[in-house]
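Colleague: What follows is a predicted protein model with its sequence.
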Amino acid sequence: MMSLEKLRSFIKENRNEYIELEKILTSHKALAPENGGEGELDKCESLQAFLISHGITKLERYDAPDARAKGGIRPNLVATIDGESDDYSVWVMAHLDVVPAGDLSLWNTDPWTVVEKDGKLYGRGVEDNQQGLVSAFAAAWAYTNLGVKPKHTVKLLFAADEEVGSHYGIIWLLENTDIFRKEDLIIIPDGGDSKGETIEVAEKNILWIEFTTTGKQCHGSRPDEGKNACLAASHLAVELNRELKAAFNKKDALFTPDYSTFEPTMRKANVEGVNIIPGSDVMYMDCRILPCYSCDEVLVKVEEICRKVESDFGVKISYRLLQRAQSVATPEDAKVVQLLSQALKDTHGIDSKIIGIGGGTVGAELRNLGYDCVVWGTLDECAHMPNEYCIIDNIIKDAETLAVLMSK
């Protein structure tokens, strides 16, 4: 194989191409219909044209039907770079959609026009997830432009719908195609740290729960004539937090924090006067649970606590799940973990750290079906913020790491 130094030199020399691709991608408001947008079609077609113009021509589209979106579809694009061997593929998976810009008064620049300043690119989506997308392109382009094959087949996936559930992206692909093989290595450059040293292999299980407490409304001066739903719900929040933490109290150093969390969060308005005792109260809880526990175990305890509070306060409590996500972990000795760790060491002298996270990624969907994957990247984690930016050198740094990994 051609010297890795030639691949790395090529990646470093083409900085302007990465900036140009970021500009093209950011100019398209690839917002999901849930966020008031038309989807990813225009952005996907522009990306296709860019890839073809740069010699990456083996492209396939997997379009998920969605009548709400432009063209009635949500596009998922796969670029293939043939390797010396096709015994497995190295996937680098990025997403095309972005979140809305939010309050424009908080932006110093137009969020849909990339601005370069002090080695950074500013604009909505430049980090989440265009930085990883561009790094993947840069690594693959180095191989195709220099006329050398990677060790194994390389596949770049540019998926739809990551920001609002992945139902038209990775979930649809897993349910409707057979593009992945269990022996494939999957890298998701959609999270990480400023040094690029953490490799995420596991996620906490997630439960988002809405609790509705129903009592009896009455005058504030006569609580004896009612059932105070606010008081009962407040007690419920405290008991859920206290008892769930006590019942599910194991620790796992893979995660920060290293324990399960059960936090009351949002609460809906109940009454409009200080002198009214509420007859109804709605509150929410965000639970992030270590993988050693199942969501079912937690829900059994939730049910027990609800019934106890009902009895103590004479109210009725119902609940519904807004989100339920359970994920297995990628083994720390999995091939994708080991090869990425070695590539980081070989390329930048980085000693990687294996971690788990409390947030949710598309990695959970893959791991639950037996596909080993990791989430990794060198970034400042300014996703979804006003004045989102990416560091140009990080695009290049991660492209070099990916190129070296593709050689193994």
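Modeller: Here it is on my side, so go on.
Colleague: what about residue 290, how many residues close to it?
Modeller: Look at residue 290: counted by other C-beta atoms under 10 Å, it has 21 neighbours. Just so you know, the C-beta spots here come from the backbone N, C-alpha and C atoms, and that holds for glycine as well.
Colleague: Which stretches in the stretch 101-250 of the chain count as strands?
Modeller: Remark: strands assigned in the stretch 101-250 of the chain by DSSP state E, counting those that start in this stretch are 115-117, 120-122, 152-159, 185-188, 198-203, 205-214, 218-219.
Colleague: Output the fourth one as CSV - backbone C-alpha positions only.
Modeller: Looking back up the chat, that one is strand 185-188. Extracted C-alpha coordinates of strand 185-188, given in CSV (Å, rounded to 0.1, in the frame of the first residue of the first chain):
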residue,chain,number,x,y,z
LEU,A,185,-17.0,-2.1,11.9
ILE,A,186,-19.1,1.0,12.4
ILE,A,187,-17.8,4.4,13.5
ILE,A,188,-20.2,7.3,14.3
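Colleague: For the chain, which residue occupies the most central location?
Modeller: What sits nearest the mean C-alpha location of the chain, by C-alpha atoms, centre = their mean, is residue 361, with 3.4 Å.
Colleague: residue contacts, residue 277?
Modeller: Residue 277 is in contact with 217-220, 223, 226, 228, 230, 271, counting by C-beta atoms under 8 Å, 6 or more residues apart in numbering.
Colleague: separation between the residue nearest to the centre of the chain and residue 331?
Modeller: Distance, residue 361 to residue 331, by C-beta to C-beta, to the nearest Å: 17 Å.
Colleague: end to end, how far does stretch 312-321 reach?
Modeller: 24 Å (C-alpha to C-alpha, to the nearest Å).
Colleague: Show me what the mean pLDDT comes to for that stretch.
Modeller: The pLDDT scores in stretch 312-321 average 98.
Colleague: Which positions in it come out as buried?
Modeller: 313, 315, 317, 319 (16 or more other C-beta atoms under 10 Å).
Colleague: Please apply the same query to stretch 47-56.
Modeller: 47-48, 50-51, 54, 56.
Colleague: related to what we said a few turns ago, with respect to residue 349, which of the strands of the stretch 101-250 of the chain lies nearest?
Modeller: strand 198-203 (15.7 Å; C-beta to C-beta).
Colleague: Against which helices or strands is that closest one packed?
Modeller: Helices and strands touching strand 198-203, by 3 or more C-beta pairs under 8 Å, 6 or more residues apart in numbering; DSSP states H and E, are helix 335-348, strand 353-357, helix 363-368, strand 373-375.
Colleague: helix or strand right after the last one?
Modeller: Where DSSP states H and E defines the elements, the next helix or strand beyond strand 373-375 is strand 389-391.
Colleague: what's in contact with that next one?
Modeller: 22, 119-123, 126-127, 130-131, 378-380, 382.
Colleague: now do 7 Å
Modeller: 119-122, 126-127, 131, 379-380, 382 (C-beta atoms under 7 Å, 6 or more residues apart in numbering).
Colleague: ok so, going back, so the residue nearest to the centre of the chain, which state does it fall into?
Modeller: Here residue 361 is coil, with the state taken from DSSP: H, G, I helix; E, B strand; the rest coil.
Colleague: Give the closest residue to it in space, chain neighbours not counted.
Modeller: residue 375 (5.4 Å; C-beta to C-beta, 6 or more residues apart in numbering).
Colleague: That neighbour: neighbour count?
Modeller: 26.
Colleague: Quick one: residues contacting residue 242.
Modeller: Residue 242 neighbours (C-beta under 7 Å, 6+ apart): none.
Colleague: quick one, what contacts residue 401?
Modeller: Shown in contact with residue 401 (C-beta under 7 Å, 6+ apart): 343-344, 347-348.
Colleague: a markdown table please, covering the strands of the stretch 101-250 of the chain and showing distance to residue 109, mean pLDDT and mean neighbour count.
Modeller: Shown next, in a markdown table, are those (distance: least, C-beta to C-beta, whole Å; pLDDT from 0 to 100; neighbours: other C-beta atoms under 10 Å):
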| stretch | distance to residue 109 | mean pLDDT | mean neighbour count |
| --- | --- | --- | --- |
| strand 115-117 | 4 | 98 | 14 |
| strand 120-122 | 5 | 98 | 22 |
| strand 152-159 | 25 | 98 | 24 |
| strand 185-188 | 28 | 98 | 25 |
| strand 198-203 | 29 | 97 | 24 |
| strand 205-214 | 34 | 97 | 20 |
| strand 218-219 | 54 | 98 | 14 |
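Colleague: May I see these arranged in TSV, with distance to residue 169 as well?
Modeller: Shown next, in TSV, are the strands of the stretch 101-250 of the chain (distance: least, C-beta to C-beta, whole Å):
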stretch	distance to residue 169
strand 115-117	29
strand 120-122	24
strand 152-159	4
strand 185-188	12
strand 198-203	17
strand 205-214	18
strand 218-219	50
